[in-house]
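Engineer: I need the structure of the sequence given here:
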Amino acid sequence: METWTVETHDGGGQLEVHSFRPASAASIPGSQAPAEPAGVVLVHGTLVTDSLYWPFARTLSVLLGRPVHSYNRRGRGHSAPQPAGYSVDTEIADLQTVMEKSGSNDVVAHSYGGFVALQAARQTTINRLVTYDAAVSLSGNLSSRWRPELEEAVTAGQLDQAWAHLVQGLGTAGPISYLPMRALRTLSVLSAQTRLGLEMRSLLPTAVVEMRAVLDADAHLGDFMKLSTPTLMLSGGWSPSYFAETGRTLAGAVPAIEFAVVPLQFHEGPLRPGRRLAARIARFLSGNHLPGERANAT
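Structural biologist: Next up, the predicted model:
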């Protein structure tokens, strides 16, 4: 793995990038061997850093025989903080910058990252795009997922309460999402004893800003009709149903979009070990995607 940085478009600082290559090659984009194939940029979800995606990025790189570049979005790791005027446009410009500097033309994106990538594909050139559980607000379908109590709890420093509202509202934690608030607060206290749990708590303020960005960018089917990027929208078979509902709706109306369910996968599919999801994505990015695979879109 190679770690490097790119400057943000707005002068706000830098973005921390981690690159994975299937074999030895020149280290930093810009000094690449001319024969190196175009790369893939991986965009992570909310409440996490890109480090959780490193095993997935490494596997995808090996399967594709191409570089895969993951980066920490604003407010994480050594990347710049979220600016005062943060919006999805901030993320789109950051994605464009990483693609340009890394020599990449394909994008793989998870959850909030999928929302960013789909919005980016409407206004910039992406060769192929794969999203997994893209958090797209379509005709207000995610408005009920927003809980004002989440922002109130974060502002008051009540992070256990905030985490509980986030988990219940989004429903992305599997069966845990349906536990009562008291139990979720207890789980938050316990998880804070771990490195990952502590990190997630520290990122709760960024989650509030990002959820607002999703709702502010609420779109309608007509907004995606001119999308020309070949796009595969995937959803986990055990993910919350609203991700699949949005994917089916978009695929049914937009010729460039396909949708499929990946059986036996939770929302955090790209964070779990195994090659099945990465292999499915690699087939599509390589142009070896079979139309018959859409039979899984149940």
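Engineer: going forward, measure contacts and count neighbours with C-alpha atoms only.
Structural biologist: Noted.
Engineer: A strand includes residue 105, no?
Structural biologist: Yes. Under DSSP: H, G, I helix; E, B strand; the rest coil, residue 105 falls within a strand.
Engineer: give me the number of residues near it?
Structural biologist: 18 (other CA atoms under 10 Å).
Engineer: surely it meets residue 128?
Structural biologist: Yes. Under the criterion of CA atoms under 8 Å, residue 105 makes contact with residue 128 at 7.3 Å.
Engineer: mind listing the helices for the stretch 51-200 of the chain?
Structural biologist: 54-64, 88-102, 112-121, 148-155, 159-170, 181-191, 195-202 (DSSP state H, counting those that start in this stretch).
Engineer: in TSV, list those along with mean pLDDT and mean neighbour count.
Structural biologist: Conversion of those to TSV gives the following (pLDDT from 0 to 100; neighbours: other CA atoms under 10 Å):
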stretch	mean pLDDT	mean neighbour count
helix 54-64	97	21
helix 88-102	98	19
helix 112-121	98	24
helix 148-155	92	17
helix 159-170	92	22
helix 181-191	93	17
helix 195-202	90	16
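Engineer: from what I can see residue 47 touches residue 210, true?
Structural biologist: No. In this structure, residue 47 is not within contact of residue 210 by CA under 8 Å, at 9.5 Å.
Engineer: can you pull up the bridge partners for residue 68?
Structural biologist: In this entry, residue 68 is beta-bridged to residue 20, residue 40, by DSSP bridges.
Engineer: distance check, it against residue 120.
Structural biologist: Distance check for residue 68 against residue 120: by CA to CA, to the nearest Å, it reads 18 Å.
Engineer: the worst-scoring helix or strand of the chain on mean pLDDT to helix 159-170, inter-axis angle?
Structural biologist: Least confident helix or strand, the chain: helix 195-202 with a mean of 90, by mean pLDDT, DSSP states H and E. Helix 195-202 runs at 90 degrees relative to helix 159-170, counting by axes from the mean of the first three to the mean of the last three CA atoms, to 10 degrees.
Engineer: identify the residues contacting the following helix or strand past helix 195-202?
Structural biologist: For helix 195-202, the following helix or strand on the C-terminal side (DSSP states H and E) is helix 204-216. Here helix 204-216 makes contact (CA atoms under 8 Å, 6 or more residues apart in numbering) with 46-47, 75, 82, 86-88, 112, 115, 135-137, 140, 142-143, 146, 150-151, 154, 159, 162-163.
Engineer: chain center to helix 204-216: distance?
Structural biologist: In terms of CA atoms, centre = their mean, to the nearest Å, the centre of helix 204-216 is set 14 Å apart from its chain centre.
Engineer: shaky segments in the protein?
Structural biologist: Applying pLDDT under 70 to the chain flags residues 24-35, 289-298.
Engineer: got the domain ranges for this protein?
Structural biologist: Listed domain ranges for the chain are 2-140+218-296, 146-198 (source: automatic domain parsing).
Engineer: winner for burial among those domains?
Structural biologist: Here the criterion is mean neighbour count by mean count of other CA atoms under 10 Å, and of the domains of the chain the winner is domain 2-140+218-296, at a mean of 19.
Engineer: what angle do the least confident helix or strand of the chain and helix 204-216 make?
Structural biologist: Interaxial angle, helix 195-202 versus helix 204-216 (the same axes, to 10 degrees): 60 degrees.
Engineer: what's helix 195-202 in contact with?
Structural biologist: Residues contacting helix 195-202 (CA under 8 Å, 6+ apart): 47-48, 159, 163, 188, 191-192.
Engineer: looking at those, spot the one nearest residue 277.
Structural biologist: Nearest to residue 277 out of those is residue 48 (CA to CA; 19.4 Å).
Engineer: where's that closest one relative to residue 203, distance?
Structural biologist: Distance from residue 48 to residue 203, by CA to CA: 7 Å.
Engineer: kindly report the same for residue 162.
Structural biologist: With CA to CA as the criterion, residue 162 and residue 203 are 11 Å apart.
Engineer: do the same with residue 66
Structural biologist: For residue 66 relative to residue 203 (CA to CA), the value is 31 Å.
Engineer: turn the contacts of helix 195-202 into a markdown table, columns for distance to residue 181.
Structural biologist: Formatted as a markdown table, those follow (distance: CA to CA, whole Å):
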| residue | distance to residue 181 |
| --- | --- |
| 47 | 19 |
| 48 | 22 |
| 159 | 13 |
| 163 | 10 |
| 188 | 10 |
| 191 | 15 |
| 192 | 16 |
